[in-house]
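>>> Sequence isn't available, so here's the structure alone:
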């Protein structure tokens, strides 16, 4: 069956069928390539030693202070980027331990 006939049969455009056949011919598979994902974390991961040393030197430091110290050295990162960096390492800023649920009353 021709590409155009196959496109009619499956209800797609002829151009799509031609592209899929060309993709199969060029790569050996018409499977879709992965899309999305993280393409920028390598920038902040390259500064991991510096960021962790900032955290060690001043234990009570905020994300905005870390952002400002990194900017002083020419590294610009958003707060969300820093947050994800620390989340990957399971580092949190919670100051008190988790309160267990009360058996007799609601706790907020």
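Great, that's in hand. Everything numeric in this text was worked out from a predicted model, so none of it was measured. Numbers count the residues shown, from 1 in each chain.

>>> what is the rounded mean pLDDT of stretch 85-92?
Mean per-residue pLDDT for stretch 85-92: 91.

>>> Any idea how far apart the tips of it sit?
Taking C-alpha to C-alpha, to the nearest Å, the first and last residues of stretch 85-92 lie 11 Å apart.

>>> And it, how far out from the chain middle?
13 Å (C-alpha atoms, centre = their mean, to the nearest Å).

>>> Could you check how many residues crowd around residue 38?
7 (other C-beta atoms under 10 Å). Glycine gets a C-beta too; all of them are placed from N, C-alpha and C.

>>> That one and residue 92: what is the separation?
21 Å (C-beta to C-beta, to the nearest Å).

>>> And for residue 46?
Distance from residue 46 to residue 92, by C-beta to C-beta: 23 Å.

>>> What of residue 30?
Counting by C-beta to C-beta, the gap from residue 30 to residue 92 is 45 Å.

>>> How is the protein partitioned into domains?
1-29, 41-88 (automatic domain parsing).

>>> Cheers, nothing more for now.
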